[in-house]
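Asks: When you get a sec, could you give me coordinates for this:
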Amino acid sequence: MPDKARRLHLVFENPDTFRAEYGRNLAKGGAFVPTRERFALREIVEVRLEAPFAGEKLTLRAEVVHCLTRDAVAPGVSPGVAVQFLDPTPELRARLEAILEHTLEPSEAIEAPGDSALDFPGSDELDDPGIEGFEPTGQGESHDGDPSDRTHRTRAERARARVPVRVQGPTGKALQGRTRDLSKTGILLSVDGEELPVGREITVGIMHPTSGDVMEVSGKVVRHVAGEGVVPAVAVEIQAGPKAEAVARFVEEVRKVNEEQSRGGIRGPLEELGAVSLLQMFAALAKRGTLTVTCGVEEGTVAFEEGMLLLAQVGSVTGVKALARIFSWREGHFEFRAHVDPMPPAATPEPMEGSILDALRIIDEANRLSGPQLAPGARFAVHREKLGSLDRPLGKTEEAVLELAAAGFTVRRILDVIPENDAQIRSSLSSLVERGLLSPS
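Replies: Numbering: from 1, shown residues only. Next comes the predicted model:
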């Protein structure tokens, strides 16, 4: 990538538009970007692709393979450039599928695109037969000016449904989570997916966001949304059976309430202020509220009332530990609503300011840790034969880490399962690696 590569900017605010363009263009390795600026064939550019509905921002290297200038297009056709992405296709598709997961109903599967060539305006004039063409990505207005402002937007936004749920599996273990999307046929859940393998039959108790009434529905896990070393969300197909009409009415009512709350909410990019400042600001301006933060495929929730922290949750992690996770996210999106859902019975309020300070202290401890950072998806080989030659016994956290590593847990899963804060667990991991009891595999 040249140091001064020019930028093109695509923003998909509408999940339906992204889904359509994924099948037509993106999954096949390219896009057509409306712009009035002139580019040279074979010029290497940087494409900034954003999907706010999924909390995703991708920076992709690309090569200009066709140009449609303003004076060369037919009436009604936008000028622009067709680009071929330079990232390896399997890696690119994996990144795009993470966004696509947010656009699908749980019963739908991701299908690989066909091999047919694509057709963008003016492709008949392309003099290089070895280069594919691309259709315009969406419909809308192109923007001139600074390259970072050349944004092609579709301005519709699909309402989401975020309400508390309780998931009960056949083992009897209950998991607390929240919905991301909800329809009468399926649910996308923010919940620890490692506990819910694909194909598992479960019962989901969906809590009404105002009355607190719970509708229990049967379902089956049909898809995982995978993150780094963790499964932060699962898609569940509802199997309502004779309760289908009652489930449909309840879901429709929940969606309407969420839509009303969303219209009065505030949303935007996380990086402009950061989660700490956002939470402090909203707590100062509102007596109660719920802040939802997304970073990649992960989602965190913070609820407060009258200066008390009611809930902080990221997957299976709760409390100050979850708050520290959310504070450590540097990119993503937030949504604030001046509303608090009925809390699960186990929720214990804590003073807001004290919780914020504790979370910041955890982050500071993590930043002071020396040594290489272990990747969230890393697993370990365990060398128990070295236990007898240790100069000191293992601490409780080290013992817990060793057992989980032996069970094949990733770094991220170890961090989630052990109740101590992330800094303590990472310190124990580093110590075990240094002492030869663990080695990354």
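Asks: Now Leu60: closest residue in space that isn't a chain neighbour?
Replies: Val47 (4.6 Å; CB to CB, 6 or more residues apart in numbering). Where you see a C-beta, it was placed from the backbone N, CA and C, and this is true even at glycine.
Asks: Now do the contacts for that neighbour.
Replies: Val47 sits next to 7-10, 31, 33, 59-62, 83, 85 when contact means CB atoms under 8 Å, 6 or more residues apart in numbering.
Asks: Out of these, which is nearest to Leu175?
Replies: Proximity of those to Leu175 (CB to CB) peaks at Thr59, which lies at 34.7 Å.
Asks: any idea which helix or strand carries the closest one?
Replies: Assigned by DSSP states H and E, Thr59 belongs to strand 56-68.
Asks: so what secondary structure elements neighbour the next helix or strand after that strand?
Replies: With elements assigned by DSSP H and E, the helix or strand that comes after strand 56-68 is strand 80-85. Here strand 80-85 touches strand 30-34, strand 44-51, strand 56-68, going by 3 or more CB pairs under 8 Å, 6 or more residues apart in numbering; DSSP states H and E.
Asks: Domains in the protein, by residue range?
Replies: 7-152, 164-262, 266-368, 380-440 (automatic domain parsing).
Asks: Beyond the one helix or strand in the chain whose mean pLDDT sits lowest, next helix or strand please.
Replies: Across the helices and strands of the chain, mean pLDDT, DSSP states H and E gives its lowest value to strand 151-152, namely a mean of 34. Later in the chain than strand 151-152, the nearest helix or strand by DSSP H and E is strand 164-168.
Asks: How far does stretch 178-189 sit from its chain's centre?
Replies: In terms of CA atoms, centre = their mean, to the nearest Å, the centre of stretch 178-189 is set 15 Å apart from its chain centre.
Asks: go on, stretch 430-437?
Replies: 32 Å.
Asks: Likewise for stretch 35-44?
Replies: On CA atoms, centre = their mean, the centre of stretch 35-44 falls 32 Å from that of its chain.
Asks: How about stretch 271-284?
Replies: 20 Å.
Asks: Check which residues of that stretch are buried.
Replies: 275-276, 278-279, 282-283 (16 or more other CB atoms under 10 Å).
Asks: which residues touch Gln313?
Replies: Gln313 touches 176, 178, 300-301, 322, counting by CB under 8 Å, 6+ apart.
Asks: How about the contacts made by the spatially most central residue of the chain?
Replies: By CA atoms, centre = their mean, the chain has its centre lying nearest to Val297, at 1.6 Å. Neighbour list for Val297: 54-55, 98, 101, 225-227, 232-233 [criterion: CB under 8 Å, 6+ apart].
Asks: In which helix or strand does Glu252 reside?
Replies: helix 244-263.
Asks: CA atoms only: put that helix into PDB for me.
Replies: What follows is helix 244-263, C-alpha atoms only, in PDB (Å, rounded to 0.1, in the frame of the first residue of the first chain):
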ATOM      1  CA  ALA A 244     -47.200 -19.500  17.200                       C
ATOM      2  CA  GLU A 245     -50.000 -16.900  17.300                       C
ATOM      3  CA  ALA A 246     -49.300 -15.900  20.900                       C
ATOM      4  CA  VAL A 247     -45.500 -15.700  20.200                       C
ATOM      5  CA  ALA A 248     -46.100 -13.600  17.100                       C
ATOM      6  CA  ARG A 249     -48.300 -11.100  19.100                       C
ATOM      7  CA  PHE A 250     -45.700 -10.900  21.900                       C
ATOM      8  CA  VAL A 251     -42.800 -10.400  19.600                       C
ATOM      9  CA  GLU A 252     -44.700  -7.700  17.600                       C
ATOM     10  CA  GLU A 253     -45.500  -5.800  20.800                       C
ATOM     11  CA  VAL A 254     -41.900  -6.000  22.000                       C
ATOM     12  CA  ARG A 255     -40.600  -4.800  18.700                       C
ATOM     13  CA  LYS A 256     -43.000  -1.800  18.700                       C
ATOM     14  CA  VAL A 257     -41.900  -0.800  22.200                       C
ATOM     15  CA  ASN A 258     -38.300  -1.000  21.200                       C
ATOM     16  CA  GLU A 259     -39.000   1.000  18.100                       C
ATOM     17  CA  GLU A 260     -40.500   3.800  20.200                       C
ATOM     18  CA  GLN A 261     -37.600   3.700  22.600                       C
ATOM     19  CA  SER A 262     -35.100   3.800  19.700                       C
ATOM     20  CA  ARG A 263     -36.700   6.900  18.200                       C
END
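Asks: With that, I have no additional questions.
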